[in-house]
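**Student:** how does the following fold in three dimensions:
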Amino acid sequence: MTYCKQCRSSVGLPIAVVATVFMIFATMPAQAQTFTVIHNFTGGLDGKTPHTGLTIDRSGNLYGTTVFGGFMGEDCDDGGPGGCGVIFKMAYKGSGWVFAPLYQFRGYPTGDGANPYGRVIIGADGALYGTTGYGGQNPSGCHSALLQLGCGTIFKLTPPATFCRSISCSWNETQLYVFATNGGSDGGIPEGEIAFDAAGNLYGSTFTGGQGDAGTAYKLTPTGELTTLNSFCLEEFCRDGASPTMGVQLDQSGNVYGTAEAGGTGESGTAFQLVPSGSGWTLNTLYNFSDLGSGQYALTGLIVDQMGNLYGGTSDGSPNPFVFELSPSNGSWIFNTLYSFAYPSCCGVGANLLMDSAGNVYGTTEGNVGEQNYGSVFKLTPSNGGWTYTDLHDFTGGSDGGIPYSSVVLDANGNLYGTASTGGANGDGVVWEITP
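**Tutor:** Numbers count the residues shown, from 1 in each chain. This is a model prediction of the structure:
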């Protein structure tokens, strides 16, 4: 994945900033839970390098993506014949998990998508929806002069039309939208997570392109009509942030929320809100990140609780990366740091958080956090006005995996699932489970 570290831009709604960090009443070591690797990627048809988390259905089946692997011989984001990525399913059968690839991307020049960085989402119709960062019909732009790989797609994946008795049956892909070219008004390189509204419209973001050539937020109707909600920009006079990486989420009123990893008044990214306004959308900057003590590079998106509070995390920080909350208050937003990691600078939270029904927050860290510096899984529990941090697992980079760019999911029994991008038996990443 490409990250912009030198961008400009953002101001918007008034912000009431609470500079003090919430008191952490206790920092608990790893609990007596069981960590298990339930799949080791091989780098072949099952894929390699999972770069996001999983989705779980009502039956407890898991769905995920890998950035590389699948059909060999295709040149994709890594510039070599490593495969263009895989969509997979895992189902619990008998006494263990059964893994099945559902679809292998082929990339350009076949016209197919390539490199799904984002998580797949289950639609109301039971199909899987997601994006590929590259590929599609238009080969120009979005990478380099030597690698014309296309600007990405939005896709839908459906089960076979006839009943299949095997978990390993391939699913059918439909391209819902193909992004045109780097700098085009529709954007390019859609890497993050998508979201649906009640009417079935799909929302997301692109890392590049748009009128300002610094990414877009978009809406795609069920009939395939794409509308750009906002074009981000890099110029100094433009203060709305740049390069939204992790997609968007919606609240109950239909407002759209996300983060930009660059730009803003602090030149280290923003948290933003898009509000329907007449026939268009109004962008409000909720917070400007900065390397001067207020965090850098919010590489997570934002999640929304039932009260309209927002939660996210930073990957870098001065002095430390952290988990934060933004709360609406009389037309402004109050910023609170919920937890600051003990490790300075790089490699804090790099994926979207999860909140359970009790208000506990779960997430992963990329690296530099945990005893082996290969990342961790953590839980934050609200406690008497503060938050208690619990370390659930520290990755070693060995058989248990390492460097998780993964959001997490919970099943009905409280089991936690996610991925790690490296390590495992073959060095190509793992799917893991933590049981209470």
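**Student:** and stretch 150-166, how far from the chain's centre?
**Tutor:** Centre-to-centre, stretch 150-166 and its host chain are 21 Å apart (Cα atoms, centre = their mean, to the nearest Å).
**Student:** can you tell me the average pLDDT over that stretch?
**Tutor:** When pLDDT is averaged along stretch 150-166, the result is 85.
**Student:** list the contacts for the nearest residue to G43 once chain neighbours are set aside?
**Tutor:** Nearest in space to G43, with sequence neighbours left out and distances taken as Cβ to Cβ, 6 or more residues apart in numbering, is D428 at 4.4 Å. Just so you know, the C-beta spots here come from the backbone N, C-alpha and C atoms, and that holds for glycine as well. Contacts here follow Cβ atoms under 8 Å, 6 or more residues apart in numbering; on that basis D428 touches N40, F41, T42, G43, G47, K48, T49, G69, T422.
**Student:** now with 6 Å, please.
**Tutor:** By Cβ atoms under 6 Å, 6 or more residues apart in numbering, D428 lies in contact with F41, G43, K48.
**Student:** which of these tops the neighbour count?
**Tutor:** In terms of neighbour count, F41 stands highest of the contacts of D428 at 30 neighbours, by other Cβ atoms under 10 Å.
**Student:** what's the closest non-adjacent residue to it?
**Tutor:** Spatially, and ignoring its direct neighbours in sequence, F41 is nearest to D428 (4.1 Å; Cβ to Cβ, 6+ apart).
**Student:** which residues does that neighbour bridge with?
**Tutor:** Beta bridges link D428 to G423 when assigned by DSSP bridges.
**Student:** then I56?
**Tutor:** L62.
**Student:** now do the nearest residue to G187 once chain neighbours are set aside against T174, distance only.
**Tutor:** Counting by Cβ to Cβ, 6+ apart, G187 lies nearest to T206, which is 3.2 Å off, once chain neighbours are set aside. From T206 across to T174, the span is 20 Å (Cβ to Cβ, to the nearest Å).
**Student:** those two - which one has more neighbours?
**Tutor:** Per other Cβ under 10 Å, whichever of T206 and T174 has more neighbours is T206, with 32 against 11.
**Student:** residue contacts, the more buried one?
**Tutor:** By Cβ under 6 Å, 6+ apart, T206 lies in contact with G187, G188, I189, P190, G215, T216.
**Student:** which one is the second one nearest to, not counting chain neighbours?
**Tutor:** Of all residues beyond its chain neighbours, the one nearest G188 is C151 (3.4 Å), with distances taken as Cβ to Cβ, 6+ apart.
**Student:** ditto for the third one
**Tutor:** Among residues not flanking I189 along the chain, F207 sits closest, at 4.1 Å (Cβ to Cβ, 6+ apart).
**Student:** in stretch 50-61, which residues are buried?
**Tutor:** P50, H51, T52, G53, L54, T55, I56, N61 (16 or more other Cβ atoms under 10 Å).
**Student:** reformat those residues as CSV; add distance to G280 and pLDDT.
**Tutor:** Compiled in CSV, the buried residues of stretch 50-61 are given as follows (distance: Cβ to Cβ, whole Å; pLDDT from 0 to 100):
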residue, distance to G280, pLDDT
P50, 37, 97
H51, 33, 94
T52, 31, 95
G53, 32, 96
L54, 35, 98
T55, 31, 98
I56, 36, 98
N61, 39, 97
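**Student:** farthest-separated two in those?
**Tutor:** Maximum pairwise distance among those (Cβ to Cβ): 20.6 Å, between H51 and N61.
**Student:** which element is P222 on?
**Tutor:** Under DSSP states H and E, no helix or strand contains P222.
**Student:** hmm, it is touching N201, no?
**Tutor:** No. The pair P222 / N201 is not scored as a contact, 7.0 Å apart, by Cβ atoms under 6 Å.
**Student:** more neighbours: these two, which one.
**Tutor:** Each of P222 and N201 has its neighbours counted (other Cβ under 10 Å); N201 has more, 17 against 12.
**Student:** roughly how far does the more buried one sit from Y218?
**Tutor:** The gap separating N201 from Y218 is 10 Å, by Cβ to Cβ.
**Student:** do G363 as well
**Tutor:** G363 sits 26 Å away from Y218, going by Cβ to Cβ.
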